[in-house]
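J.: Have a look; sequence and predicted model below, questions after that.
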Amino acid sequence: MAFLEFIIAAAVGLVSTAIFFAINGIVLKLVSGWLDFDDTSWQTAYKVAGFAAIASYLLSLIPAGMSAAFLAMGRVAAFFVNALFIVVNAVIFVWLIKRFYYQGWGKSILAWFIVFVVNIVLGFIVGLFVAAMATAFAFNAAKFV
């Protein structure tokens, strides 16, 4: 059962990663222009977004594979492990922006923060859409029972 949960989490994570790879590339392109980066190319934006997506996906597999261990550790420990991976992911993303855009830490953190806020807002909107679709399908399926 735990292996099946891992496969489902990995598949959902892969779809989410692909969606946010596209979004992050667009947002990084826009942010690089707003913050007057020297390089505002699509290539650099998607290079950073690609490496960040790969790192994020690989990091997300670790807690997904530890679901049985999380049950033993308890909810509080699971929360802190997930929070640690979020922080590590953020540090990697900021470092990638700093590395590929040749910016200082301040502009790199600001660029990451803008991307982060856009991801939160779009994630909320997509979540509402998915919840609405699931509700509509559930009510539609209930008509036939």
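T.: Structure received. Worth saying up front: this structure is predicted, and the values here are computed from it rather than measured. Residues are numbered from 1 along each chain as shown.
J.: what's the next secondary structure element after the lowest-mean-pLDDT helix or strand in the chain?
T.: Taking mean pLDDT, DSSP states H and E as the measure, the helix or strand of the chain with the lowest value is helix 67-73, at a mean of 61. Using DSSP states H and E, the helix or strand that follows helix 67-73 towards the C-terminus is helix 75-101.
J.: how far out from the middle of the chain is that following helix?
T.: On the basis of C-alpha atoms, centre = their mean, to the nearest Å, helix 75-101 sits 10 Å off its chain's mean C-alpha point.
J.: Just the mean pLDDT for it, thanks.
T.: Averaged across helix 75-101, the pLDDT comes to 87.
J.: what mean pLDDT does the next helix or strand along the chain from that helix have?
T.: Moving toward the C-terminus from helix 75-101, the next helix or strand (DSSP H and E) is helix 105-143. What helix 105-143 shows for mean pLDDT is 87.
J.: Give the buried residues for helix 105-143.
T.: Within helix 105-143, the residues scored as buried using 16 or more other C-beta atoms under 10 Å are 107-112, 114-116, 118. In short, each C-beta sits where N, CA and C put it, glycine included.
J.: Same question for D38, what's its three-state structure.
T.: coil (DSSP: H, G, I helix; E, B strand; the rest coil).
J.: How about the contacts made by it?
T.: Counting by C-beta atoms under 8 Å, 6 or more residues apart in numbering, D38 makes contact with 101-102.
J.: Could you rerun that using 10 Å?
T.: Contacts for D38 (C-beta atoms under 10 Å, 6 or more residues apart in numbering) come out as 32, 44, 101-103.
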